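Visitor: The amino acid sequence is not available; the structure is as follows:
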């Protein structure tokens, strides 16, 4: 490797750090993109790249996306190997977490309890770049940010979460979502849906449209239906929610339906696919959802759109025909582009549900694997746990758990393990699981952002 | 020579780091901290595993696995691990400083 190449690599990391310390943003002092790309290209041509780079100042890791997956991975890499240069690219200075955000919609707590900052992550030595990736060149291993800064990486981790397929449902697009919220990425949309519920007169009908899988947090849509029903029952008892579902089967179906029969017999109606529940078009102006057999007009309407890997995954070229990201089950390295790892909701990891807990677990596996790969060692074959809690009411929690392991090129659930909360259980068990739902949220967010 | 020396330095760095972080955790162990906090001061009813005696963790997992002891999710999770995996996970957590 040439000395010129080395200094280019070092400069990139140092400039980033200096920029962040002084202004909180990355913009000045970076070498021009042309020079940088030239340097990066010559670096890529070298075959003995990673070992000398590590010895002389640490490899460059760029992580794009500061959610549960990306933030955990960036922080763990830096904590585990302080000589690494780790940059976390994230568009927002405040992160709004999705788990438990259905409670915000139902008025159980405020959005501020879902929000976290990156200060502690930066204090650990992770360089924060509050910016958006504009281009990713897997050949020269370069990420170009919207501000114009280029970041060279030895390993890139992308954790873009989900994106919406705005072409899947006629009449429903980003503009329509300002009238009919999706609230499936927490933030303003969450608050919008809550305000609409608060403004609704008693006696109104709430409509909730649920798409096909794969989707983020599969039981989350049914938790939302439950907690909106709880809100209506306790605040607007002459109102009801109708759930229009593109599926006949869903996560913890029997558990949810048992609870609904007991808690919300007059406030929640679920219409599955075979009963005509699939919404085929939306009229935002009249708040009307049209299904195969009939149309439903709502006072408040919530449409959860069809999902795909987040935009950055498309940009990086790591999605396949499914619009999700296939990854190696041991390292989470993309099966499409080398040196790019994908973690969190954007991946398709066997039957593992897309959850914050799963994203966090994947991030730790990926970080450990990257450290091994940088050291030319063999990553261990991991086992992953997923645990998701859902609230049917504030004191009524349900859980789904699973243990997953790599089998061939995929992840499969370990047989004989995992499963749902028991169908029959005393109220004390449901209350305990509700308290665990909050405990796990505080643990996950505290570990990642605290 | 330079390369192997580099690797030696790096692997020793990682070995040191591994005792304090999840980077060298045995299979399955990294997931535990999704519920069982590593950091102090997190308000949760779920106990931390850091520094717990290995035998204590092994015994609890065996009781969950055989359904001798009823929990919420732990009976379902423990069944996904072999006895040797549980022993390695327990050993690793016992080495983490509380």
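Guide: Looks like it came in fine. For clarity, every value in this text was computed on a predicted model and none was experimentally measured.
Visitor: Show the pLDDT at residue 24.
Guide: Reading this off chain A. Per-residue pLDDT puts residue A:24 at 34.
Visitor: my question was about chain B
Guide: We have a pLDDT of 87 for residue B:24.
Visitor: any idea how far residue A:292 is from chain B?
Guide: To chain B, residue A:292 is 37 Å away according to C-beta to the nearest C-beta, to the nearest Å. All C-beta atoms are positioned from the backbone trio N, CA, C, and that covers glycine.
Visitor: list the contacts for the nearest residue to residue A:196 once chain neighbours are set aside?
Guide: Closest residue to residue A:196 apart from its sequence neighbours, by C-beta to C-beta, 6 or more residues apart in numbering or on different chains: residue A:300 at 4.6 Å. By C-beta atoms under 8 Å, 6 or more residues apart in numbering or on different chains, the contact set of residue A:300 is A:193, A:196, A:197, A:200, A:204, A:206, A:207, A:287.
Visitor: for residue A:331, same thing?
Guide: A:341, A:366, A:369, A:370, A:373, A:379.
Visitor: out of those residues, which is most surrounded?
Guide: In terms of neighbour count, residue A:366 stands highest of those at 32 neighbours, by other C-beta atoms under 10 Å in any protein chain shown.
Visitor: Remind me which helix or strand it belongs to.
Guide: Assigned by DSSP states H and E, residue A:366 belongs to helix A:356-374.
Visitor: What average pLDDT does the helix or strand that contains residue A:196 get?
Guide: Applying DSSP H and E as the criterion places residue A:196 in helix A:188-199. Mean pLDDT, computed over helix A:188-199, is 98.
Visitor: For burial, what's the neighbour tally of the nearest residue in space to residue A:135 that is not next to it in sequence?
Guide: Sequence neighbours aside, residue A:144 is the residue nearest to residue A:135 in space, at 4.3 Å (criterion: C-beta to C-beta, 6+ apart). A count of nearby residues for residue A:144, using other C-beta under 10 Å, gives 17.
Visitor: for the chain, what spans make up the helices?
Guide: Answering for chain A, as no chain was given. Assigned by DSSP state H, the helices in chain A fall at A:3-23, A:33-45, A:50-55, A:68-80, A:101-105, A:119-123, A:188-199, A:220-235, A:253-263, A:311-316, A:356-374, A:427-449.
Visitor: The chain in question should be chain B.
Guide: According to DSSP H, chain B carries its helices in the segments B:2-20, B:29-32, B:54-65, B:74-78, B:83-95.
Visitor: weakest of these by average pLDDT?
Guide: Among the helices of chain B, helix B:2-20 scores lowest, with a mean of 44.
Visitor: Not including adjacent chain positions, what is the nearest residue to the residue of chain B found nearest chain A?
Guide: Of all residues in chain B, residue B:80 sits closest to chain A, at 2.7 Å by C-beta to the nearest C-beta. Spatial nearest neighbour of residue B:80, excluding adjacent residues (C-beta to C-beta, 6+ apart): residue A:403 at 2.7 Å.
Visitor: just the contacts of residue A:300 now: which is nearest chain B?
Guide: Using C-beta to the nearest C-beta, the shortest approach to chain B within these belongs to residue A:193, at 27.5 Å.
Visitor: hang on, that closest one packs against residue A:105?
Guide: Yes: counting by C-beta atoms under 8 Å, residue A:193 touches residue A:105, with 5.1 Å between them.
Visitor: Give the residues shared as contacts by these two.
Guide: Shared contacts of residue A:193 and residue A:105, counting by C-beta under 8 Å, 6+ apart, come down to residue A:183.
Visitor: now the contacts of residue A:331 as TSV including distance to chain B and pLDDT?
Guide: Shown next, in TSV, are those (distance: C-beta to the nearest C-beta, whole Å; pLDDT from 0 to 100):
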residue	distance to chain B	pLDDT
A:341	15	98
A:366	10	97
A:369	10	96
A:370	9	97
A:373	11	96
A:379	10	95
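Visitor: In those residues, find the pair that's most separated.
Guide: A:341 and A:379 (11.2 Å; C-beta to C-beta).
Visitor: shared neighbours, those two?
Guide: With C-beta under 8 Å, 6+ apart, residue A:341 and residue A:379 have common neighbours A:331, A:369.
Visitor: The residue nearest to residue A:276 when sequence neighbours are not counted - how many residues pack around it?
Guide: Distance criterion C-beta to C-beta, 6+ apart; nearest residue to residue A:276, sequence neighbours excluded, is residue A:293 at 4.0 Å. The burial count assigned to residue A:293 is 9, neighbours taken as other C-beta under 10 Å.
Visitor: Select, out of the helices of chain A, the one closest to residue B:43.
Guide: Residue B:43 sits nearest to helix A:427-449 of all the helices of chain A, at 5.5 Å, using C-beta to C-beta.
Visitor: Now do the helix holding residue A:196: which elements does it pack against?
Guide: Judged by 3 or more C-beta pairs under 8 Å, 6 or more residues apart in numbering or on different chains; DSSP states H and E, helix A:188-199 is in contact with helix A:101-105, strand A:300-303.
Visitor: let's go with 10 Å and repeat that
Guide: Where contact means 3 or more C-beta pairs under 10 Å, 6 or more residues apart in numbering or on different chains; DSSP states H and E, helix A:188-199 is packed against strand A:94-96, helix A:101-105, strand A:205-210, helix A:220-235, strand A:300-303.
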